[in-house]
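Asker: only geometry, no sequence info:
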């Protein structure tokens, strides 16, 4: 067997070429194994949850009352929450109802906030849905 192979003007050792041919895939495989990647799920969860909210709210004309709402903050930081309170009949709300719609600070742990609603003295009887949107700022 010949010990050298001529490529162009150069002679190369057959053993050296065999070692390179064998070692290259092994080096690639070793590099791939060392630099392999792993995948895990990454989730950013909402830190605030409403844990207590009234199921129905009753008023008489001329009354002003509060709605107590319990919110838990699962994070280690404070958050600002703005309440947007709307009735299903926006014309009725604009004419006869005022709501607090303010911003509250949620500290870590349980928080109870009191949103207020005032119904004017001249408000006619009405049966509607009330929606409270919680916006984390």
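Answerer: Arrived safely. Since the model is a prediction, treat every value here as computed from it, not as a measurement.
Asker: Name the strands paired with the helix or strand harbouring residue 83 and say parallel or antiparallel.
Answerer: For residue 83, the host element (DSSP states H and E) is strand 79-87. Strand 79-87 has the following sheet partners, assigned by DSSP bridges: strand 103-106 (antiparallel), strand 130-136 (antiparallel).
Asker: among those, which is nearest residue 76?
Answerer: Smallest distance to residue 76 across the strands paired with strand 79-87 (CB to CB): 12.0 Å, for strand 103-106. All C-beta spots, glycine's among them, are computed from the backbone N, C-alpha and C.
Asker: residues making contact with the closest one?
Answerer: Contacts with strand 103-106, where a contact means CB atoms under 8 Å, 6 or more residues apart in numbering, come from 48, 71, 73, 78, 79, 80, 81, 82, 83, 111, 113, 137.
Asker: So which bits of stretch 98-116 are buried?
Answerer: Buried residues in stretch 98-116, defined by neighbour count with 16 or more other CB atoms under 10 Å: 99, 100, 104, 106, 111, 113, 115.
Asker: okay, how far is it across that stretch, tip to tip?
Answerer: For stretch 98-116, the first-to-last residue distance is 8 Å (CA to CA, to the nearest Å).
Asker: so how far is stretch 110-124 off the chain centroid?
Answerer: The chain centroid and the centroid of stretch 110-124 are separated by 29 Å, computed with CA atoms, centre = their mean, to the nearest Å.
Asker: Can we start the residue count at 481 from this point?
Answerer: Will do, 481 is the new start, and the previous item becomes stretch 590-604.
Asker: can I get the buried residues of stretch 578-596 in a markdown table with pLDDT?
Answerer: Putting the buried residues of stretch 578-596 into a markdown table (pLDDT from 0 to 100) gives the following:
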| residue | pLDDT |
| --- | --- |
| 579 | 95 |
| 580 | 90 |
| 584 | 96 |
| 586 | 97 |
| 591 | 98 |
| 593 | 94 |
| 595 | 94 |
